[in-house]
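Participant: Structure, please.
(one chain, ligands or ions: 1)
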Amino acid sequence: MEARGMDSNGREFTNAEEMWREQIGEEDDDKKREWYRHGVGYWEGVEASIDGVLGGYGHVNGADIKGSEGFLKALLFDRFGPNFATHQRLVALGEVSDDSCALVLYCGSGIGRVSKNLLLRYFHEVDLVEPVSHFIEAARESLSGDSGSDNHKAVNFYCQPLQEFTPEAGRYDVIWIQWCIGQLADDDFVSFFKRAKVGLKPNGLFILKENIAKAGFVLDKEDHSITRSDLYFKELFNQCGLHLYKSKDQKGLPNELFAVKMYALTTNIPKRAHAAKTRTQTFRPAIIT
Ligand SMILES: C[S@@+](CC[C@H](N)C(=O)[O-])C[C@H]1O[C@@H](n2cnc3c(N)ncnc32)[C@H](O)[C@@H]1O
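Facilitator: Predicted coordinates:
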């Protein structure tokens, strides 16, 4: 990635390669382990609450879920047809076979906020993957035995970081990744998506929802994460062999936060691609990381 970037102290980098060389070295496993140790270490010190996982901005939960629901509903309709919702309901009632039961994997799930408020209303089963044990335990406690609607349920709770996780082959309709991919270095970002592709069913897709830097990148020295620009993401999607099916800007977040974008990505060239809407965004330092 050629564009310049900066860190949260205002220090500038000529390009991402310079920043990554400093942060994780080159082929230096110890240095990379340190990067991830600091990242997970930061979240281990955070309270297992909505306010905690949203960096003190718990009040954006409603707007976030509303934005995600609009994006998800349109995608499910597009990808799985207009009868998707009815079919899911009939499966839940036991009126049709559940061999096409809808499954989602929620990555970097924290306390399971998005599963509880959104995913369990659209999918029969949700699996969660999250490296911080007190977050995944809080998710297990709040989701176990809790049916979002009908008999929808959270099934597997994996306590693992994404750079080490490989999903079960062909299991998921959707792999949802939100506000956590910035913890991964570029090479692990690419290898995670390449491995995770095998976890999707034939018509499945990734949904990625992340903070967006106005240009280049911003390195957060506190939680060891990086906020990438839209262009940076698109370069990485290309390296992953993923295709942009649709994207949308999140609306209704406070002005002092980074802009947030949702991307739907497919493993095959989409039949109907939607151009991403662009808008001018004012850069503000990270709050949600
Ligand atoms: C800003 S919180 C977002 C949590 C959740 N996605 C949400 O939106 O409520 C960032 C999450 O990323 C997780 N995380 C940190 N390092 C990670 C890694 N290497 N792989 C996966 N998740 C990671 C943190 O533990 C934390 O739960």
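
Participant: Now do the buried residues in stretch 176-195.
Facilitator: 176-186, 188-193 (16 or more other CB atoms under 10 Å). Glycine gets a C-beta too; all of them are placed from N, C-alpha and C.

Participant: any idea what the closest residue to the ligand within the stretch 1-150 of the chain is structurally, helix, strand or coil?
Facilitator: The stretch 1-150 of the chain approaches the ligand most closely through residue 110 (2.9 Å), counting by CB to the nearest ligand atom. At residue 110 the chain is in coil, as set by DSSP: H, G, I helix; E, B strand; the rest coil.

Participant: so who does the closest residue to it other than its chain neighbours touch?
Facilitator: In space, and not counting its chain neighbours, residue 110 is closest to residue 53: 3.9 Å by CB to CB, 6 or more residues apart in numbering. Neighbour list for residue 53: 46, 110, 111, 113, 135, 179 [criterion: CB atoms under 8 Å, 6 or more residues apart in numbering].

Participant: Over to residue 115?
Facilitator: By CB under 8 Å, 6+ apart, the contact set of residue 115 is 106, 109, 126, 128, 139, 143, 148, 154.

Participant: Equivalent analysis for residue 3, please.
Facilitator: For residue 3, the contact set (CB under 8 Å, 6+ apart) comprises 15, 16, 215, 216, 217, 229, 231, 232.

Participant: Let's see the ChimeraX selection covering just the buried ones among those residues.
Facilitator: Applying 16+ other CB under 10 Å to the contacts of residue 3, the buried members can be selected in ChimeraX as follows:
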select :16,216,217,229,232
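
Participant: from the contacts of residue 3, which is closest to residue 257?
Facilitator: Nearest to residue 257 out of these is residue 229 (CB to CB; 15.6 Å).

Participant: For the closest one, give me the pLDDT.
Facilitator: pLDDT for residue 229: 98.

Participant: in terms of contact, does it touch residue 216 like I think?
Facilitator: Yes. With contact defined as CB atoms under 8 Å, residue 229 counts as touching residue 216 (5.7 Å).

Participant: ok, the closest residue to residue 50 other than its chain neighbours - contacts?
Facilitator: Excluding the flanking residues, the one nearest residue 50 by CB to CB, 6+ apart is residue 58, at 4.3 Å. By CB under 8 Å, 6+ apart, the residues touching residue 58 are 49, 50, 51.

Participant: And residue 72, by the same measure?
Facilitator: By CB under 8 Å, 6+ apart, the contact list for residue 72 reads 118, 122, 174, 207.

Participant: so it, which of the three states?
Facilitator: On the three-state scheme (three-state DSSP), residue 72 is labelled helix.

Participant: on that earlier part again, out of the buried residues of stretch 176-195, which sit inside helices?
Facilitator: The members of those that map onto helices under DSSP state H are 186, 188, 189, 190, 191, 192, 193.

Participant: Just the buried positions in the biggest strand by length in the chain, please.
Facilitator: Looking across the chain with DSSP state E, the single longest strand is strand 200-212. Going by neighbour count (16+ other CB under 10 Å), the buried part of strand 200-212 is 200, 204, 205, 206, 207, 208, 209, 210, 211, 212.

Participant: Residue 19 contacts residue 5, doesn't it?
Facilitator: Yes. If you go by CB under 8 Å, residue 19 and residue 5 touch, sitting 5.9 Å apart.

Participant: Contact residues of the stretch 51-200 of the chain facing the ligand?
Facilitator: For the stretch 51-200 of the chain, the contact set with the ligand under CB under 6 Å from any ligand atom comprises 53, 108-110, 113-114, 130-132, 135, 161-163, 178-180, 183-184.

Participant: quick one, helices of the stretch 51-200 of the chain?
Facilitator: 61-80, 84-92, 113-114, 120-122, 133-143, 186-196 (DSSP state H, counting those that start in this stretch).

Participant: Can you name every helix or strand that the strand or helix carrying residue 264 contacts?
Facilitator: Using DSSP states H and E, residue 264 sits in strand 259-266. Judged by 3 or more CB pairs under 8 Å, 6 or more residues apart in numbering; DSSP states H and E, the packing partners of strand 259-266 are helix 61-80, strand 200-212, helix 230-240, strand 243-249.

Participant: With that, I have no additional questions.
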